[in-house]
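**Q** what would the 3D arrangement of this be:
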Amino acid sequence: MTKGYVQVYTGAGKGKTTAAIGLAVRALGAGKRVMMIQFMKSPSYSEHKVLRDISSNFRLEAIGKPFFIADESSIPPEELAKIKDQVVIFPPGKPPAEFIELAKSGVRMAKEAVAGGEYDVVILDELNVALHFGLIEWAEAEAILDARAENTELIITGRNAPAALIARADLVTEMREIKHYYTQGVMARQGIEN
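**A** You can find the predicted model right below:
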């Protein structure tokens, strides 16, 4: 590639991480080197079992803890009652320091990955969510964009992409939920959503 672009997959619908993984597989098939950093995720998702060994040209880093994180204003009480044992809840604007430090370690890793020339494609999965919950500041995400080498393709996923990121991106795809069985009480299924 002579020029890399910034792609953003956002929106409330499912498929953002799945699209990024598909792009990674395609890039690997073309002999490209790919790094995927998953913000706010621990290595407990089904894709980790296969992606870690998919290619010597692929590196996966999960920057998160076993529990998801959310501010208390972002989840309706009836939903929270269903998942309260699986989520770390914090007051709006006050995320736990340990989660902030994990996210910042991911930012440092991302800046090095996009600038270093070692990877053709860098995927920052759930970076938008880390921004939304205040685990990282826009200035930190902007520093990643500014550090990007011209030929590095950068993929950023997660709902609630900020307007400033959308303005800087070359491609933005919004996943829109039309219908989902989650509304009928079906939780994440291993191998499909997890």
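**Q** name the helix or strand of this structure that has the lowest mean pLDDT.
**A** When the helices and strands of the chain are scored by mean pLDDT, DSSP states H and E, strand 68-71 comes last with a mean of 69.
**Q** now do stretch 8-17: distance from first to last residue.
**A** Start and end residues of stretch 8-17 are separated by 11 Å (CA to CA, to the nearest Å).
**Q** may I ask you to name the longest helix in this structure?
**A** Of all segments of type helix in the chain, defined using DSSP state H, the longest is helix 97-115.
**Q** and residue 57, how many neighbours?
**A** Number of residues near residue 57 (other CB atoms under 10 Å) recorded here: 16. (C-beta placed from N, C-alpha, C; glycine too.)
**Q** state the phi and psi torsions of it.
**A** Backbone geometry at residue 57, expressed as degrees, to the nearest 10, gives phi -90, psi 10.
**Q** per-residue pLDDT, it?
**A** If you check residue 57, the pLDDT there is 97.
**Q** which non-adjacent residue is nearest it?
**A** Nearest residue to residue 57 in three dimensions, chain neighbours excluded: residue 33, at 4.6 Å (CB to CB, 6 or more residues apart in numbering).
**Q** dump the residue contacts of that neighbour.
**A** 57, 58, 118, 119, 120, 121 (CB atoms under 8 Å, 6 or more residues apart in numbering).
**Q** just the pLDDT for it.
**A** Reported pLDDT for residue 33: 98.
**Q** and residue 190, by the same measure?
**A** Predicted confidence (pLDDT) for residue 190: 69.
**Q** numbering from 12 from now on, please.
**A** Sounds good: first residue 12 from here, last item residue 201.
**Q** ramachandran angles for residue 184?
**A** phi -120, psi 130.
**Q** that should have said residue 70, apologies.
**A** phi -130, psi 130.
**Q** can you check residue 185 too?
**A** Dihedral pair for residue 185: phi -110, psi 120, per degrees, to the nearest 10.
**Q** count the neighbours of it for me.
**A** Around residue 185 there are 14 residues (other CB under 10 Å).
**Q** what do you get for residue 184?
**A** Residues near residue 184, counting by other CB under 10 Å, number 15.
**Q** just say helix, strand or coil for the closest residue to it other than its chain neighbours.
**A** Counting by CB to CB, 6+ apart, the nearest residue to residue 184 once its immediate chain neighbours are dropped is residue 20, at 5.2 Å. Under DSSP: H, G, I helix; E, B strand; the rest coil, the three-state class of residue 20 is strand.
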